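Undergrad: With the input below, show me the fold.
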Amino acid sequence: MTIRFKKENLTPPTFRNIGKCIYCGSEDTLSDEHILPEGLGGCHVLRNASCEKCRKHTATIESFVLGQMFNPIRARMGLLKNKRAKKRIAHAKTVDAYGQVRTLRIDPLKSPVAGVFPIYAPPLLFNSKHVGYGESYAIISSESLWDEWKETTGNTIQVGMNRKRFALMLAKIGHALTVGELGTDSFDPFLPPIILEKQSDIYRFVGCYYQWLSPATDDYHKYDVQIRHHDGEDLVSVKLRLFANVKSPTYLIVTGRLRMATRVWSHASEL
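TA: Residues are numbered from 1 along each chain as shown. Alright, predicted model coming up:
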């Protein structure tokens, strides 16, 4: 399925009314939860699905990725909002020939680096050989803007990135998508304690898809909720690609275990 960007003045489509926090289970002071962050153009919401404490926690995770890793690409896609959209100012760290770091205020549309996507090994749950890619990244950039940047500043650019926070955001999106598709009673979730950073084995469940490099498409964000049969269990996973229109990588998030009552209609695929 393709996730289209939010259109102004339209009522956000609702997946489900949940009635409890999808992260901690609390029923106090609930708010709506965007499945995909609003800052990425997300418009689908889960009604009454996040308590205030968990909302603040997940917002902190998302804000780093949106502001540090995706700010220029969001500007190019018209996804910056409010004052930032009007001023269109970003902060870029540059490194000169002597290794000195300084911060410049720039128009994000002028940044030679549009977005940074970490490359991970497939989820360790499925990756018995522990095949990995080290500290690899897919960087979306513009050669013409690189030339202009070097000519103007004479420096290289330092890009903010955090592999774990990006993986946490993927986990949050994958978990919310699964709840949206299956509800809260159809599967036993793996990810809430990881999203809340009470459990540290995130790469057991979050990684890149096996054929992670794909051509650019006309779509924006794409996902597919799948049932995979693995070691005698039916596991729910989400295949997710953000900004598919710029040749971005595809990620795989293992979100939980399908419950017995749900297996009647599921068609599990062998992994």
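
Undergrad: For stretch 65-80, measure first residue to last.
TA: From its first residue to its last, stretch 65-80 covers 13 Å (CA to CA, to the nearest Å).

Undergrad: now swap in stretch 125-141 and tell me
TA: Stretch 125-141: ends 33 Å apart by CA to CA.

Undergrad: Equivalent analysis for stretch 245-254, please.
TA: OK, stretch 245-254 end separation, CA to CA: 24 Å.

Undergrad: cool, and stretch 31-44?
TA: 14 Å.

Undergrad: again with stretch 23-40
TA: 21 Å.

Undergrad: which parts of it are buried?
TA: Y23, C24, L30, E33, H34, I35, L36, P37, G39, L40 (16 or more other CB atoms under 10 Å). The C-beta positions use only the backbone N, C-alpha and C, and glycine is treated the same way.

Undergrad: T178 - that's part of a helix, no?
TA: Yes. Counting by DSSP: H, G, I helix; E, B strand; the rest coil, T178 is found in a helix.

Undergrad: Tell me how many other residues surround N17.
TA: 11 (other CB atoms under 10 Å).

Undergrad: What sits closest to it if chain neighbours are left out?
TA: R47 (4.1 Å; CB to CB, 6 or more residues apart in numbering).

Undergrad: Now the helix or strand containing E33: average pLDDT?
TA: Assigned by DSSP states H and E, E33 belongs to strand 31-34. For strand 31-34, mean pLDDT is 95.

Undergrad: Given that strand, what are its sheet partners and their directions?
TA: Applying DSSP bridges, strand 31-34 is found paired with strand 45-50 (antiparallel).

Undergrad: Buried residues in the partner strand, which are they?
TA: Those would be V45, L46, N48, A49, S50, for strand 45-50 by 16+ other CB under 10 Å.

Undergrad: And for stretch 64-83?
TA: For stretch 64-83, by 16+ other CB under 10 Å, it's 64-66, 68-77, 79-80.

Undergrad: if we can go back for a sec, from the buried residues of stretch 23-40, which is closest to L182?
TA: Of all the buried residues of stretch 23-40, the one with the least separation from L182 (CB to CB) is I35, at 12.8 Å.

Undergrad: Name the nearest of the buried residues of stretch 64-83 relative to M161.
TA: M69 (5.7 Å).

Undergrad: Can you check the pLDDT for that closest one?
TA: Looking at M69, the pLDDT reads 84.
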